[in-house]
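K.L.:
I'd like to go over a predicted model; first the sequence, then the structure.
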Amino acid sequence: MPHSKQLFRMTGPDRLLFVADIAGTLVFAVEGAMAAVHGNLDLIGIMVLAFCTALGGGVIRDILLGALPPAALRDWRYPAIAFTTAVLVFFLHRYVRAIPAPAIQVLDAAGLAIFAIAGTLKAKLYKMNSLVAVMLGAITGIGGGTMRDVLLNQVPNVLRFEIYATAALAGSACMIAARKIRIPTNGAAGIGIAICFVLRILGLWRHWNLPRALDQ
Amino acid sequence: MPHSKQLFRMTGPDRLLFVADIAGTLVFAVEGAMAAVHGNLDLIGIMVLAFCTALGGGVIRDILLGALPPAALRDWRYPAIAFTTAVLVFFLHRYVRAIPAPAIQVLDAAGLAIFAIAGTLKAKLYKMNSLVAVMLGAITGIGGGTMRDVLLNQVPNVLRFEIYATAALAGSACMIAARKIRIPTNGAAGIGIAICFVLRILGLWRHWNLPRALDQ
Amino acid sequence: MPHSKQLFRMTGPDRLLFVADIAGTLVFAVEGAMAAVHGNLDLIGIMVLAFCTALGGGVIRDILLGALPPAALRDWRYPAIAFTTAVLVFFLHRYVRAIPAPAIQVLDAAGLAIFAIAGTLKAKLYKMNSLVAVMLGAITGIGGGTMRDVLLNQVPNVLRFEIYATAALAGSACMIAARKIRIPTNGAAGIGIAICFVLRILGLWRHWNLPRALDQ
């Protein structure tokens, strides 16, 4: 998550990643705000849930890395996007609801993939070992949704359904593996994002679920 | 939140702020302890909830600022106040319950105002930009109550009712604005506290609620 | 929680503490994983709950101390133990369930005692005052179980039943007191662990509960 001053120095792939990061923030903010609307929260509640869903995963990652203040607070554009999205959803929620579910799910899968890979990359930058970097990638991807569900008093869905965290872990692990066999970081990131995205979409389409112990 | 060694160096307004800070801690601790009594928690549960309600918001703010260990742990008097209050409420909860609700609400509004403004000031001290400083002020004010409600397995009330977070945001924003037009910090803080307090009391008195999306 | 490179330099008592720490992590991971099985979470959910239950308390302590990244992420063996345990419980949960409850409870009491004392020692190492060090010891012991219950959408049991947090606080406080009267740290730690363990077992056996305010 680059800072505003760095943006001008960004080369092609970095700028692409930044745009992707902003897009992921936007999608997750819409989902958090819609969950708050359904939970009958007021405007501030909608803003809080949009912020937590969009940026909560990255904030938890940055706290665990000791990278404080977290990127989501260092660059004012991240909270600004979350709050603006919340206000727009507040006024336009009828139209947002009309967006077909598959479109939302595809965007959500893309957001998950971007966040997980970006989280893993940042953890490697902070010299974490590979197991922990993969974990922090998954936390970046699913932390916001988990926070949203805890605030809405629900058992986090991401811990229960349709290989969500699994896709994040798999994508992150593949990126680490790709880097180990000397694939350059941009390529490895692309591979990781693609694997996470495809796995998540396949999971939704085929209703894949991880096994539960009690089913056996 | 000044440290014990600094207390002796405090001038008038600083000492006033410190006393106000202690008073806010006390009020929030009473409310957290009473919520724990109603939730039928035991003595330790009451102490935990008093601590989290009184100091949780400031702890979250300090974690996000990277100001670790948080002020609430650096100065032993803050936890000591929370725990002593919890023990007193445990024994005297019948009398505490007899305090008329409006008195508690006025004190709570004062605590909210003090915490929000103190949080915003600390965030500015740590060079956060104004949007983020206002956010961190609101987190300082409402974080403790949110933590209490999550631990008691409820959707946080502060996200739902009677312009609570809104008052904190408005007070903090006005303080930032007042400083921008060169009003000295003490004056700006006074303005912010007054605006937050009055808004919260008006909200309670007139049963103001922020609009919900589903009402429209 | 020592790092892998330090292990080779460890003397007798340090090595004992490290083994105890690993054993505590293992027991708590089993309990977290079993709770996730009962909550019908999938394999990833079981891994997340095993990690949070086993290592969540230490992570919260390290965040509050500013000792970041937390020990649980610096040494890959801690997450590896939690995740391996989760996978084993997933496949073997029928056998795990056959372990008699008293055996689990004795192991859990030992884990609580070790974690609480280790947490207090680390807090003293970071120059926290005694009240806060005792608090951070208790947080280390009960934080993981609290996180597990919040994620499973329950009021944390550790805040409600059979002197659990109380045992952790008492053990930590006795260790601090023992050090104040010049008992060497290893001896003081042994005393603290024994007191916490015995209190917890007595509490279970005699069904001791802390008083509740409403009972009076």
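P.N.:
On my side now, so go ahead. What you are looking at is a predicted structure, and each value in this text was computed from that prediction instead of being measured.

K.L.:
A:Ile46 is in contact with A:Ala36, correct?
P.N.:
Yes: judged on C-beta atoms under 8 Å, A:Ala36 makes contact with A:Ile46 at a distance of 4.2 Å. In this view, the C-beta of every residue, glycine as well, is placed from N, C-alpha and C.

K.L.:
okay, and the common contacts of these two?
P.N.:
Any residue near both A:Ala36 and A:Ile46 by C-beta atoms under 8 Å, 6 or more residues apart in numbering or on different chains counts here, and that gives A:Ala86.

K.L.:
Check the gap between A:Gly203 and chain C for me.
P.N.:
11 Å (C-beta to the nearest C-beta, to the nearest Å).

K.L.:
Please name the nearest non-neighbouring residue to that residue.
P.N.:
A:Ile163 (3.9 Å; C-beta to C-beta, 6 or more residues apart in numbering or on different chains).

K.L.:
Check whether the one you found sits in a helix, strand or coil.
P.N.:
coil (DSSP: H, G, I helix; E, B strand; the rest coil).

K.L.:
Could you report the separation of it from C:Asn40?
P.N.:
In this structure, A:Ile163 lies at 16 Å from C:Asn40, with C-beta to C-beta, to the nearest Å as the measure.

K.L.:
Tell me which of the two has more neighbours.
P.N.:
The neighbour comparison of A:Ile163 against C:Asn40 (other C-beta atoms under 10 Å in any protein chain shown) goes to A:Ile163, with 21 against 13.

K.L.:
Quick check: that one vs A:Gly171, distance?
P.N.:
From A:Ile163 to A:Gly171 the distance is 11 Å (C-beta to C-beta).

K.L.:
and if you look at A:Val87?
P.N.:
From A:Val87 to A:Gly171 the distance is 32 Å (C-beta to C-beta).

K.L.:
For these two, work out which one has more neighbours and name it.
P.N.:
A:Gly171 (31 against 14).

K.L.:
Not counting its neighbours along the chain, what's nearest the more buried one?
P.N.:
Per C-beta to C-beta, 6+ apart, closest to A:Gly171 is A:Cys196, 2.7 Å.

K.L.:
ok so, going back, right, and the residue nearest to A:Gly203 touches A:Val198 too?
P.N.:
No: judged on C-beta under 8 Å, A:Ile163 makes no contact with A:Val198 at a distance of 11.3 Å.

K.L.:
Averaged pLDDT, the host helix or strand of A:Ile142. What do you get?
P.N.:
Secondary structure assignment for A:Ile142, by DSSP states H and E: helix A:130-151. The pLDDT scores in helix A:130-151 average 90.

K.L.:
quick one: buried residues of the helix or strand that comes right after that helix?
P.N.:
Once helix A:130-151 ends, the next helix or strand along the chain (criterion: DSSP H and E) is helix A:165-180. Across helix A:165-180, burial judged by 16 or more other C-beta atoms under 10 Å in any protein chain shown covers A:165-176, A:178-179.

K.L.:
What are the buried residues along the helix or strand just after helix A:165-180?
P.N.:
Scanning forward in sequence from helix A:165-180 by DSSP H and E, the next helix or strand is helix A:185-205. Residues of helix A:185-205 classed as buried by neighbour count (16+ other C-beta under 10 Å): A:188-193, A:195-197, A:199-201, A:203-204.

K.L.:
where's helix A:185-205 relative to the chain centroid, distance-wise?
P.N.:
13 Å (C-alpha atoms, centre = their mean, to the nearest Å).
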